[in-house]
Every structure is written in structure tokens, then in C-alpha cells.
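In: coords please:
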Amino acid sequence: MTVDQNPHGRVRLDSVALAMQRVRRFTRFRIAPAVYSETRPVEVSAWVVGGEPVPFAEARGRHFEPVEMGMPWGRPWDTVWFDVRGVAPTSWAPEETELVVDLGFTAEQPGFQAEATAYRPDGSIVKAIEPLNAWVPLPERGPFHLLIEAAANPVVQVPHEYEPTLLGDLRTSGDEPHYTLRRIEVARRDIVVWELLQDVAALDGLVDVLPPQGMRRAAIVSALERMVDVMDPDDVPGTAAQGREVLAPILSAKAPASALRVSAVGHAHIDCAWLWPTRETERKVARTFANVLDLIERDPEFVFAASSAQQYAWLKDRQPGLYARVREAVAAGRIRPVGGMWVESDTNMPGGEALARQFVLGKRFFLEEFGVESEEVWLPDSFGYTASLPQIATAAGARYFVTQKPSWNETNAIPYSTFLWEGIDGSRIFTHLPPSETYNSDLGAADLARAERNFSEKGVAREVLGLFGWGDGGGGPTREMLAMGARKADLDGSPRVRLTDPTSFFRAAEAELPAPPVWVGEMYLELHRGALVSQQKTKRGNRHSEALLRQAELWAATAAILKGAGYPTAQLEDAWHTVLLQQFHDILPGTAIAWVHQDAEAGYARVESLLQGLIETALAALAGDGDVSLAANAGPLAQQGVPAMGIGPASAPAPAAPREEDGTWVLEDDRLRVVVDARGALVSIRDLVAAREVLPEGIAGGVLQLLRDTPREWDAWDINEEDQRSGRELLEPALVQGDGDAVVVRHEIGKSAVDVRISVVDGHLDLAFDIDWQESQKLLKLAFPLDVRADRATSELQFGHLHRPIHRNTSWDAARFETVAHRWIHVGEPSWGVAIANDVVYGHDLRTIAAPSGRPMVMARLSLLRAPRYPDPSADQGRHSFTVSLRPGGIPEAVADGYRQHLPLRALRGAPVAPLVVVSNPAVVVEAVKLAEDGSGDLVLRLYEAHGDRSEAAVTTSVDWNAVEATDLLERPTVGSAIQRVEPRRVEVTLRPFELLTLRFRAPRVAA
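Out: Reported below is the predicted structural model:
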């Protein structure tokens, strides 16, 4: 379309634009209103719940008051039940008789506002009611009775504005009704008019994407104009058939043989929590599946893919009748459980064992409930993908991976649509990035044209995946989307669309691309970097819970095998369910409303209480009634003389006592000397063993930096690099003084206070932070300049580590200005380096910059706290604690320090207990010790190679066993080369760099 500006300022449109202006107006104001040409009133009464949702059985017995249309309703997060009674006219066909509802829907996307569920009087669910899908079938003639559970979910999302809102916290959301009941009535759907509307929608979309001068576009516009010409605007129902006849030839034109093939899979990405709490997600899941089951009955080709075992579990618990229908649909192949994970988790921050358990518990649920095992990893919306994921996924039996999130990158585009993704250990998984760049497609022309435009393998492949259906807040596909797909099955000007399932797509994609390109390493998202920092209390809960779960499983398994104690399977699984749910990609990243994070913190508190009790019970069973002062070491490496995974006396090193010296404070032991000046900054960190200074001359370390944090958009999600040009260093402390075995520094920033306790113990510099944080839109970083010549840094991630460039040679390097690390980072030269470990920090940035001398140095910074205002205006306010340690050393020392922070010794009294398992090589790390998932009592070890080298180790047990085998994550035997030799109580293994190995010891027992 072309436009021209005349001297009077009016825009001149070309003939096509004028024609389409006419067509679109006719469609909007004539055809669309004529879909429901006849209506009948109904009787409506209501009961306001006035609190949390109640089951159908309770609502049915309540007193309902008559209401009229125009009634304000819906205090935020409340529920109103509407009792609807009417008559379906006997003269109307069942397929054209519907109840049409308008709860006061806004222009927002479905799933982000009011929505409802329609029930029959017996409590069975008919269908959901949502914007753009606000009808309920009435197949029976005569009187009917329905109950509608309407959720007054407020509109929290304000696109592109991100203003603070109080609606995300139940305590501050207010009492005023947010909606107006506009319409509930019986309506007769004119199927011919409706089909005409779908014809027009299919062709109208093509006008906007086809070549402006092309013959096909001109033919479509001409046909649409003739459709308007032949129809009577005053009698649309009477002339709709004529309109369809005009469009039929243009709709029957076939796509060329070379057309892109879109495998269309029904989908509804349902966030387990985001701008709504998990309790509302439970209802969203039911609504979505109700919609899907309705469509399955109407279209025999339609297949729906749904991930997240947690969501099926909710449905099983809350809506058993609906769940039974879902099970039938799964058995028939119409609903495909996909992903094999408990939830669509974040993949950057969960620990290795937690990511493994996402698959273990997710796949177990699907196998036990449905007898199916999904082959694909399904993570369309997580905020980047760890380089460890290919190995974890393939170890769980996955073959395929699908996501579209990298299309959100601000700077660079991954150059492939279909490829092999290679992880840190060399594992590869067949991967597809749907080139439509959405998981919420409507199969319209814009999405399909984008898919064709973006598909990187054009010329050698033609298969792409199209995920269609309303998502984020659920809802799923609609009948209009299916109609669109049917018209695009073989339509000139459009890619070919076929309704299918994910496995069929992947099989076809593999077949046509036998030698796909390879992407190596992480799929870093060049956006949402602030999600590594936001809602620090949620992140602390996650890291702490992961540590407690390791301890609880280790000590419970040890007590079960050595002492015959009961193994608390159900309690451990319950704790895992909570932790895995809260690793969902809008909970752990800190990008949800206040209500969600309040629930998360409460969940972590319950997990802690449960697991502490399990740990204490197991340790008491192991250590017995002795009175020797002991320490339990749950870590995989010895600490303070206590063997790894054993119980014994500890020889704790004494911290260095601070001394004043020339206006500074000095902390020094036989390996490290640290000087703190009057600004509370570290002006020297000297490695006494290597006789080398850690800090570059003339620049202080351990300095807190307070930076502006006002993202362009996506407040809780994003950190923008330009904000880091504006800020200051905290070098004017309120207090610097010696305090026992530490130097204490206090900084006061407005209403905030930061207390830092600096100590030197056993060659480590430890900084313990106690922070009262009352800032808004500020980012707090801890900076360590390092006198190291390096062009890369190393970050721990799941089951290994990753080297990243720290220069800016390419746009890819420059865009990676905030990255994830787990328990440690390391920067080094071939013979010397520095490890920085932490107890609960994920966000880091490391860059090569010029030192005051002009020589290169490395600036390593840890991102401690943020204070975004949307979607939770009170995010991160309150008390926080961190511990950060620094020591000279290599990767082995970094690994050891990370575990020292993560799994500190636990004091107890009793008798020493030798470890159940001993590993001879510290490069081979035990990440989990547990009993088998199947309840057999078998012992399961999860190990990985941690140093990035080929490593050999002997794994020795203190008990006998019948056999040992390597397994996948689901503890099923696998064929591999890791096990080299088996002897009584001893297994010799050889692991490739970062290789993950699960060993299953059959029938472990104490020798008689």
C-alpha cells in the first residue's frame, strides 16, 4: 500500500488501501455483529464469595440474589458465582445455540483479566468463558441451568508503561469492583455468517503480507471487494452465502509445491504464577483444558500439547472429573503431555540436581499417570538456557528441544532455526526455534509470513513448528484459530498448515535435515538480565532449600542403609514439589507480583521446617547417644578434617585477629594478608604463598557500588547497561572498626544500611553482609578489581562450569554484560588465579578494563540487590544477608569454596560415622546421595566431573551390594563407558570433562 501527503495534510491512500478500508469497515460493523442475529434473555442471580475461591459443591448451596446487566462486580481477586437459567429454543439447531457472556472484558489479551468457568448443575465443567472465546454450547433443547464461576482477576499488566501497581498484593488491591456485567444471553450463531467472517479473516491477513505489486494480492483484494458488492448491508444473514461464493475460488487456489510447511500444534503457555498467584493458575489450567476438550470434540485433526506435570497434578487434585476426560484424550493421542518437566522452569539459576529432578518428577508423573514419556524439552519462555541443559535433558531421555525466547534478543540473532545444540560435556540435542517467534500464534497471515521470513534453513528444509493458542494466562486455541488453520491447509500466498503433534514435526524435521548446524554453549538471552537479581529473598530461599534437600537425602539415605531407619520418601517428594514449582520462570527470576513472592517465601519456610526436622532425625539416628562434639559434612569434599559426607570431629581454623597499622586495619594469616583502609575498602589482598598482590595498584577492592536502575521497560526483568554509567561508590562509611575476629564496616544510604563483616580464615577473605535495603530503582554491586591478565572468566553452572569472553570484540561479547554464575567465578592466568564464591548470588559481570597504570585488569562484580517497582512495587525491601569469599587459587579451589559456602558443617554431638560413600578424586564430585525413586531401597549416586578434564576415580562404599549399574536420570539402566571396573564395595569410573553419571547400587546392606 502507498500513501501520499497532500498540501492540506490529509493522507492519500492508494486504491488497495481504499478498498481494504471499505472491506474492513463492512466486516467490523456488518458481518461480525450479524454472527449472533437472534437472542433470548435469561435469568441471572449471583453470589459473591468475598474471599478465596470455593469448590463448586460449596457454591451450589449458597443463596443467590437476582442481578441485572450493568451490575458492577468483582473486587480484585474475588470470585462471583452467577446462576444462569434459560431456555434453548427448540426451533434452533443445537450447533447454533450458545450462551454468550461478556463479563466486562477489556481490550487486554485473554488470560490477563476476568475469566470464568461454566458448570452444569452436577458439577461437571462445560467450558471456559474468556475474551475472544466467550460462548458456551447449549446442545440440549429446552430449559437449561448453568453456574458460572467468574474470577475478578485485575488487569495488572500495563503494556510499555510498567507503572507501580498495588493490585498485585491482596492486602493493597482495594475493594472497588473492577468489572461491569454486560451480557449473558442465549444467542443463535449464524454458521454461514460465522464461516464468512473466517473466510474474510484469512484473506484480509494476506493482503498485509503479500508483495504489494503481486498478482495474488490484487486478486484477493478484488475478491473481497466483490464480496462486499454482492452482499446487502441490511441483510447480512440473507446474503452471507453469496459472499462466500464470491470468495470460494480465491480460497481454493493452491499453495506452490515449494511452500513452507507449518506443523500447527495447539498450545496454551500457562505461567504457573506471574501476574496472578498459583491458586489462580490452578483455575486457569482447568479453564484451558475445558476449552481444549470442547475443541477436540469438534475437530478430529486437532492435537493439543501441554507441558508441566505440576499443572496436571493440580487438575487431578482440584477437578478430578475434568482430569478423567484429559486422561482419555491423552490415551487417544489428542492431548500430548510434553516437556517432561515438573514446570517450565528457569534454567539459569536452579542447581544441577534441581534441574535433574525437574525431569525425574515430571517424567515420572507422565509415565505413572498416562503411560507416556515425552521426548521433547518444552521451554518456550524461559529467560535463557544454560549450557548444561543438553546433557541433563539427554540424560533424562529427551531427544528434542523447543523454545522461541532467543528471538527476544536485543542485539544478536541465533543464526539457525533448526540445529543441534551442544552442551558443556559435548551432549547434543536436536533443537528448533519456531521462526514465527511466538508461542501464542493465531495462525494468521502475519505469524505465518514471519515464520517464512525468519526460517534460517530455507532452501534446504521446509518444516517449521507453529504453536497456536492464547497463552501466558492460558485459554488455549479457539475455534477461530482452527478455522484459520483449515483455510491455510493449502492456500496460495500462505505457508501450508497442517494440524499435527510435536513428535511428528520433529521426526519430519530430522528427516529433511540430516546434518544440521551446531550451536555450542549457552543460549544467552540478551534481555531480562535483571532477573538474576530481583527478589533476592526468593533466590535465597531457592539456594538454601537446594542445600537442605541435599543434606536431608544424604543423611536419610545413610541412616536408612546403616541403621535401618525409615526413608522419608513422601516428605522429601513434597519438599521437592515445592522447590521445583518455585523454580518456575517467573517465580525464581523475581518477575511476579508481590502475592507470588509472599507465597514463595512462605513455601520456602515450610520446606526449611520440614527438612530441618528430617535432617535432625537422620543425624540423631546416625550419631546415636554419644557426647563427643562433632560436625556433619554434607559436602562432597572434606572440610576442617571432617570427611566428605561423613560425621566426625572438626578442627576449625582460627580467624585472623585484626590489628591497626598506619590508619588501616590488617587481617593476616599464613596465606593471606588483607588491608582495610578508613573508607572501608580493601587496599591490599596479598597472596603470601605466591607472593603476589590480587588488586591492581591504585584501585581498591571489595567496594560497594550504588547504580541507577531505571530500565527502558520490563522493570523487574531488565538491567540496562547505560544505567551503570550513573552511580557512585560507597566510600564514606559511618563506621570502620575492629570487632573480635573481624573488621566491621557500616555504610548508611538514605534509609538503608549496609553492615559488612570482613575476616580472614584459613587463607580465605570472607565478607559477610547484613543489609537493611530501603532503596528504589537502585542496583547494588560488589566490585573486585583483579590484577590478572585474562580474556575469559569462568562461571560455575549446573554440573560444571563455562568459560565466557570478558572482552568486547564482538556484539555477542558486548551484549553479555550481566551473566549467571552459581556458587563461584574464577579468573586466572595459567599458573595463578582468583576464585570468588558466594552463598546466594547469581548475577555477575566481568570485564577486561584498563587499570590506573594503563595495563589491562579484570573487573569482577557481583550484583547483590535491586529494587524494581513493577510488578511488585515493594520488591527487595527489607533485610538481606550475603556471604562472599575470595581466595587465590585455581578451579579446584573455586569448586571447594563454592561447596564450603553452600554446605557448611553442621554441629552435633554423638559418635563419629564413616561416610557411606568415598570418592578418591576431588575432580569427581558427588552431587546427590539418595534412595531409588521406585522404593526398592537401592542406593543412587549422582556424580559429575567438575574440573573440566578427563578424570578417573574409585567410588568406594562402606556397605555391600549385589550389583552396580550406570543409569539415566530416571534410574533406568543405560549403556555407557564410564564404569571401568567393579570390585566388592568399589567401582572404578572414568569421566569425560563435565560428564554426568548416575550409579545405582542394587540392594545395599551392612555386612552381617
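
In: check contacts around Ala259.
Out: By Cβ atoms under 8 Å, 6 or more residues apart in numbering, the contact set of Ala259 is Arg462, Ser494, Pro495, Arg496. (Each C-beta comes from the backbone N, C-alpha and C, glycine too.)

In: ok, 10 Å please
Out: Glu452, Arg462, Asp490, Leu491, Asp492, Gly493, Ser494, Pro495, Arg496, Val497 (Cβ atoms under 10 Å, 6 or more residues apart in numbering).

In: how about the residues you listed in TSV, adding pLDDT, secondary structure and neighbour count?
Out: TSV is the format used below for these (pLDDT from 0 to 100; DSSP: H, G, I helix; E, B strand; the rest coil; neighbours: other Cβ atoms under 10 Å):
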residue	pLDDT	secondary structure	neighbour count
Glu452	98	helix	18
Arg462	97	coil	21
Asp490	98	coil	14
Leu491	98	coil	23
Asp492	98	coil	18
Gly493	98	coil	26
Ser494	98	coil	28
Pro495	98	coil	23
Arg496	98	strand	20
Val497	98	strand	25
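
In: nearest to Asp472 among those residues?
Out: Set against Asp472, the nearest of the contacts of Ala259 by Cβ to Cβ is Val497 (22.7 Å).

In: touching, the closest one and Lys488? I think so.
Out: Yes - under the criterion of Cβ atoms under 10 Å, Val497 makes contact with Lys488 at 4.0 Å.

In: now list whatever residues contact both of the two.
Out: Ala255, Val262, Ala264, Leu443, Leu448, Gly466.

In: and the strands in the stretch 101-250 of the chain, which stretches?
Out: Ranges of strands in the stretch 101-250 of the chain, per DSSP state E, counting those that start in this stretch, are 115-119, 125-129, 135-137, 142-151, 179-180, 183-189.

In: reformat those as JSON lines; add mean neighbour count and distance to Gly474.
Out: What follows is the strands of the stretch 101-250 of the chain, written out as JSON lines (neighbours: other Cβ atoms under 10 Å; distance: least, Cβ to Cβ, whole Å):
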{"stretch": "strand 115-119", "mean neighbour count": "24", "distance to Gly474": "8"}
{"stretch": "strand 125-129", "mean neighbour count": "24", "distance to Gly474": "9"}
{"stretch": "strand 135-137", "mean neighbour count": "20", "distance to Gly474": "17"}
{"stretch": "strand 142-151", "mean neighbour count": "19", "distance to Gly474": "12"}
{"stretch": "strand 179-180", "mean neighbour count": "19", "distance to Gly474": "19"}
{"stretch": "strand 183-189", "mean neighbour count": "20", "distance to Gly474": "22"}
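
In: out of these, flag the one nearest Asp234.
Out: strand 183-189 (18.7 Å).

In: mind checking how far that closest one is from the chain centre?
Out: 39 Å (Cα atoms, centre = their mean, to the nearest Å).

In: report pLDDT for His8.
Out: Among the per-residue scores, His8 holds a pLDDT of 52.

In: phi, psi of the closest residue to Val67 other than its chain neighbours?
Out: Nearest residue to Val67, sequence neighbours excluded (Cβ to Cβ, 6 or more residues apart in numbering): Ala46, at 4.8 Å. Ala46 adopts backbone torsions of phi -140, psi 150, taken as degrees, to the nearest 10.

In: how many neighbouring residues does Ala46 have?
Out: By the measure other Cβ atoms under 10 Å, the count of residues near Ala46 is 19.

In: OK, contacts around it?
Out: Contacts of Ala46 by Cβ under 10 Å, 6+ apart are 62, 64-67, 71, 73, 80-84, 148, 150, 181.

In: same question for Gln535.
Out: 541, 587-592, 594, 596-597, 600-601, 716, 866, 868, 872, 875-876 are the contacts of Gln535 under Cβ under 10 Å, 6+ apart.

In: what does the pLDDT read for the most centrally placed residue in the chain?
Out: In the chain, the C-alpha nearest the mean C-alpha coordinate belongs to His585, at 2.0 Å (Cα atoms, centre = their mean). pLDDT recorded at His585 is 98.

In: does it touch Phe383 like I think?
Out: Yes - if you go by Cβ under 10 Å, His585 and Phe383 touch, sitting 6.3 Å apart.

In: hmm, back to that, just the buried residues of the contacts of Ala46.
Out: The neighbour count (16 or more other Cβ atoms under 10 Å) marks Phe64, Val67, Met71, Trp73, Val80, Trp81, Phe82, Asp83, Val84, Ile148, Ala150, Leu181 as buried among those.

In: how about the last one, nearest residue that isn't a chain neighbour?
Out: Just to be clear, that refers to Leu181. Met71 (4.6 Å).

In: identify the residues contacting that neighbour.
Out: Met71 makes contact with Val44, Ala46, Val80, Phe82, Gly104, Pro177, Tyr179, Thr180, Leu181, Arg182, according to Cβ under 10 Å, 6+ apart.

In: what distance do you get for it to Val48?
Out: Applying Cβ to Cβ, to the nearest Å, the value for Met71 to Val48 is 11 Å.

In: please identify every residue contacting each of these two.
Out: By Cβ under 10 Å, 6+ apart, the residues touching both Met71 and Val48 are Val80, Pro177.

In: ok, and the closest non-adjacent residue to Glu952?
Out: Using Cβ to Cβ, 6+ apart, the closest residue to Glu952 is Thr990 (4.9 Å).

In: for burial, what's the neighbour tally of that neighbour?
Out: So Thr990, with other Cβ under 10 Å, has 17 neighbours.

In: am I right that it sits in a strand?
Out: Yes - the assignment for Thr990 by DSSP: H, G, I helix; E, B strand; the rest coil puts it in a strand.

In: and it, how far is that from Val760?
Out: On the measure of Cβ to Cβ, Thr990 and Val760 end up 39 Å apart.

In: the residue nearest to the centre of the chain: what's it in contact with?
Out: Applying Cβ under 10 Å, 6+ apart, the residues contacting His585 are 271-272, 274, 343-349, 379-384, 405, 528, 531, 591.

In: of those, which belong to helices?
Out: The helices in this structure, assigned by DSSP state H, contain none of these.

In: quick check on those: which are buried?
Out: So, by 16+ other Cβ under 10 Å, the buried ones in the contacts of His585 are 271-272, 274, 343-349, 379-384, 405, 528, 531, 591.

In: helix, strand, or coil at Ala575?
Out: helix.

In: I'd guessed it sits against Arg550; true?
Out: No - in this structure, Ala575 is not within contact of Arg550 by Cβ under 10 Å, at 11.4 Å.

In: so what sits against both of the two?
Out: Common contacts of Ala575 and Arg550, defined by Cβ under 10 Å, 6+ apart, comprise Leu611.

In: and Glu512, backbone torsions?
Out: Dihedral angles (degrees, to the nearest 10) for Glu512: phi -90, psi -10.

In: which ones are touching it?
Out: Taking Cβ under 10 Å, 6+ apart as the test, what Glu512 contacts is Arg261, Thr418, Glu457, Val460, Ala461, Arg462, Glu463.

In: and for Arg171?
Out: Contacts of Arg171 by Cβ under 10 Å, 6+ apart are Ala594, Trp595, Gln598.

In: kindly report the same for Arg428.
Out: Pro390, Gln391, Thr394, Phe419, Leu420, Trp421, Glu422, Pro516, Val518, Trp519, Val520.

In: mind doing that once more with 8 Å?
Out: Arg428 neighbours (Cβ under 8 Å, 6+ apart): Pro390, Thr394, Leu420, Trp421, Glu422, Val518.
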